[in-house]
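Trainee: quick one, structure for this:
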Amino acid sequence: MSKTWADRLRAATAARGRLCVGIDPHPSLLDAWGLPRSADGLETFAELCVEAFVGEVAVVKPQVAFFEAYGSAGYAVLERTVSVLRDAGTLVVADAKRGDIGSTMSAYAQTWLGEDSPLSSDAVTVSPYLGFDSLRETFDLAARNGRGVFVLARTSNAEGADLQTATASHRSVAQSIVDGAADIDRDGRATAGLVVGATRDHGLDLSDFTGPILAPGLGAQGAGVDDLAQIFAGSRELLLPNSSRGVLAAGPSVTALRDAATTLRDEVEAGLA
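Mentor: Just a heads-up that it's a prediction; the model follows:
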């Protein structure tokens, strides 16, 4: 790819807003949509989401776990979903939260960011808790291929607080991740992004960080649009507030899903103006 991840992300969000919508085919949502808990139900769910979101939102985030629960058939659905979204010009963040060392992490990176992989996405979520340096090859591959890597820093779940706010060498674990990502992004390509929940005051110094921030928690987890400008003051340009269940609750009607996504998209843009 000739364009950097920063170039592509800025162009997409300028055209279709900063909202990131999740495709999370949770069993309870399959039930609510009148779909079977099977690969066929999964495929119908994904197809309805694709139809509703393509051309309306810039970024879509499939939750990988809900696809891989159906084994190879689920992965086949995920492959098709990612391919159709990307072919339509929608940026895809694979919410895989992978994290490992050495050749294993390299394999994960090739899976989600490699040019020839059937699961090739525009960005992937990763865990740094085997050491930030275990992600170096992932960042390198992403930069070469014009992709992004979102590193878990200060997540939206309450259970993460004890680990993420623990202090070592006079800074929190989460802050050390922010600082590491800021170093990666000094070349201006925005390869390293952060996952920072929108559900609370994150307590991070983001003043030196110029990359994108994926901010889960909007809607069902309790964060509101009005919270975004305050929580992420100074970090709005590449902020991607994420809503999954809050939008998906409008299904299975494609029209209702599209309306829910575009209404929230416009509210986010107004709130971050």
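Trainee: and the host helix or strand of residue 22, which strands flank it?
Mentor: Using DSSP states H and E, residue 22 sits in strand 20-23. Partners of strand 20-23 in the sheet, by DSSP bridges, are strand 59-62 (parallel), strand 239-243 (parallel).
Trainee: can you list the residues that contact the last one?
Mentor: Taking contacts as CB atoms under 8 Å, 6 or more residues apart in numbering, the residues outside strand 239-243 that touch it are 13, 18-22, 59, 61, 93, 198, 212-220, 223, 225, 228, 232, 264, 268, 272. Every residue, glycine included, has its C-beta placed from N, CA and C.
Trainee: again with stretch 161-178
Mentor: Outside stretch 161-178, the residues touching it (CB under 8 Å, 6+ apart) are 128-129, 132, 151-155, 179, 194, 202-206, 209.
Trainee: surely residue 226 touches residue 268?
Mentor: No - in this structure, residue 226 is not within contact of residue 268 by CB atoms under 8 Å, at 10.6 Å.
Trainee: these two: which has the busier surroundings?
Mentor: Counted by other CB atoms under 10 Å, residue 226 and residue 268 do not tie: residue 268 has more neighbours, with 21 against 10.
Trainee: now the more buried one. Its backbone dihedrals?
Mentor: phi -60, psi -50 (degrees, to the nearest 10).
Trainee: next: residue 96.
Mentor: Dihedral angles for residue 96 - degrees, to the nearest 10 - are phi -110, psi -20.
Trainee: gap between it and residue 185?
Mentor: Applying CB to CB, to the nearest Å, the value for residue 96 to residue 185 is 21 Å.
Trainee: what ranges does the stretch 101-250 of the chain have for its strands?
Mentor: 123-126, 148-154, 167-168, 171-172, 192-196, 213-215, 239-243 (DSSP state E, counting those that start in this stretch).
Trainee: Provide the strand pairings for the first one, with the direction of each partner.
Mentor: Think strand 123-126. Here, using DSSP bridges, strand 123-126 pairs with strand 91-98 (parallel), strand 148-154 (parallel).
Trainee: now that strand, how far from the centre of its chain.
Mentor: Strand 123-126 sits 7 Å away from the centroid of its parent chain (CA atoms, centre = their mean, to the nearest Å).
Trainee: what's the PyMOL line that selects buried ones from the contacts of stretch 161-178?
Mentor: Listed next is the PyMOL selection for buried residues among the contacts of stretch 161-178, using 16 or more other CB atoms under 10 Å:
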select buried, resi 128+132+151+152+153+154+155+194+202+204+206+209
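Trainee: from the contacts of stretch 161-178, which is closest to residue 67?
Mentor: residue 152 (19.7 Å; CB to CB).
Trainee: any idea how far the nearest residue to residue 12 once chain neighbours are set aside is from residue 119?
Mentor: Spatial nearest neighbour of residue 12, chain neighbours left out: residue 58 (3.9 Å); criterion: CB to CB, 6 or more residues apart in numbering. Distance from residue 58 to residue 119, counting by CB to CB: 20 Å.
Trainee: which of those two has more neighbours?
Mentor: Neighbours per residue, other CB under 10 Å: of residue 58 and residue 119, the larger number sits with residue 58, 24 against 21.
Trainee: contacting residues around the more buried one?
Mentor: So residue 58 contacts 9, 12-13, 15-20, 90-91 (CB under 8 Å, 6+ apart).
Trainee: strands - which of these land there?
Mentor: 20, 91 (DSSP state E).
Trainee: show me which of the contacts of residue 58 are buried.
Mentor: Here, 16+ other CB under 10 Å leaves 9, 12-13, 16-20, 90-91 buried among the contacts of residue 58.
Trainee: from those, pick the one nearest residue 124.
Mentor: residue 91 (11.9 Å).
Trainee: pLDDT at the closest one, what is it?
Mentor: pLDDT for residue 91: 98.
Trainee: isn't it up against residue 10?
Mentor: No - between residue 91 and residue 10 there is no contact under CB under 8 Å: 11.0 Å.
Trainee: could you pull out the helices in the stretch 101-250 of the chain for me?
Mentor: Using DSSP state H, counting those that start in this stretch, the helices of the stretch 101-250 of the chain run over 102-113, 136-145, 161-164, 173-184, 225-231, 245-248.
Trainee: hmm, residue 19 is touching residue 264, no?
Mentor: Yes - counting by CB under 8 Å, residue 264 is a contact partner of residue 19 at 5.9 Å.
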